[in-house]
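Chemist: missing the sequence, but the structure's below:
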């Protein structure tokens, strides 16, 4: 049976409580849906998976009882259930930048065609807002990897690299759109004038872009047992995670002399402050939403 995977977020003022949490977990379990839903004062952030009818029922429940507004959802399919449990968590932020707030003024959304044009603009800096272990598996041609272990480190990166040049064109992107949307709000608040982000993130880009126009290199890390998806949104057949240091690995990494299965990888001995903040237990079980 094909499993439908739905990734979505929605910024809106909420007052999430234990009653909502329990009701949504019950609905997910009734519908045979697993995954993680974060309910926060600034909105919802989630990836869920299950039979198509069940996923759609859960989405209707969230729209009708929590957000009271339609959700913009990125879909993919999987031959196996990529999550182990149905989880609904109450958190202070949908994605932590260290400054809880519901973004109201955000950067300009770019569709696939406009995004590809920005990638070719020599006056623009394109920032991958994801963590280093995600970027390692793939990114856009010409994008800058800020080498961060946490979303909270992005403001410092911008101050160091762009500084006070508030007229520079800044393009941002992330997996599903939530990180870059929140970050564009911060950029605008800091006085940067020309701020853009990829609408729907990498996953929506994969849905819409043609093979001839695709500017992505590699695969896209996802926070579930698929580890990554390719440009056709199919689960990776090659990516893995080192059970010792938790870094993401490509076939080229596993071909290095320093790689020994379940013992070491090329990144285990690297003294690098930008290491992924994943526990060894999570890496061993690939339950990255734990």
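Modeler: It's in. This one's a predicted model, so the numbers in the text were calculated from it and none came from an experiment.
Chemist: can we go C-alpha only for contacts and neighbour counts from here?
Modeler: Noted.
Chemist: how far does stretch 93-100 sit from the chain's center?
Modeler: 14 Å (C-alpha atoms, centre = their mean, to the nearest Å).
Chemist: got the buried residues for that stretch?
Modeler: 93-95, 97 (16 or more other C-alpha atoms under 10 Å).
Chemist: quick check: beta-bridge partners of the closest residue to residue 12 other than its chain neighbours?
Modeler: Leaving aside its chain neighbours, residue 12 sits nearest to residue 43 (4.8 Å; criterion: C-alpha to C-alpha, 6 or more residues apart in numbering). Going by DSSP bridges, residue 43 is paired in beta bridges with residue 11, residue 40.
Chemist: pretty sure residue 43 is in contact with residue 94, am I right?
Modeler: Yes: at 6.4 Å, residue 43 and residue 94 qualify as touching, with contact defined as C-alpha atoms under 8 Å.
Chemist: how many other residues sit next to the closest residue to residue 254 other than its chain neighbours?
Modeler: Nearest residue to residue 254 in three dimensions, chain neighbours excluded: residue 265, at 7.1 Å (C-alpha to C-alpha, 6+ apart). By other C-alpha atoms under 10 Å, 26 other residues sit near residue 265.
Chemist: residues contacting the strand or helix carrying residue 5, please?
Modeler: Secondary structure assigned from DSSP states H and E places residue 5 in strand 3-11. By C-alpha atoms under 8 Å, 6 or more residues apart in numbering, the surrounding residues in contact with strand 3-11 are 42-52, 55, 67, 71-81, 102-103, 176, 178.
Chemist: so how far is stretch 155-169 off the chain centroid?
Modeler: Using C-alpha atoms, centre = their mean, the offset of stretch 155-169 from its chain centre is 23 Å.
Chemist: neighbouring contacts of it?
Modeler: 123-125, 146, 191-196.
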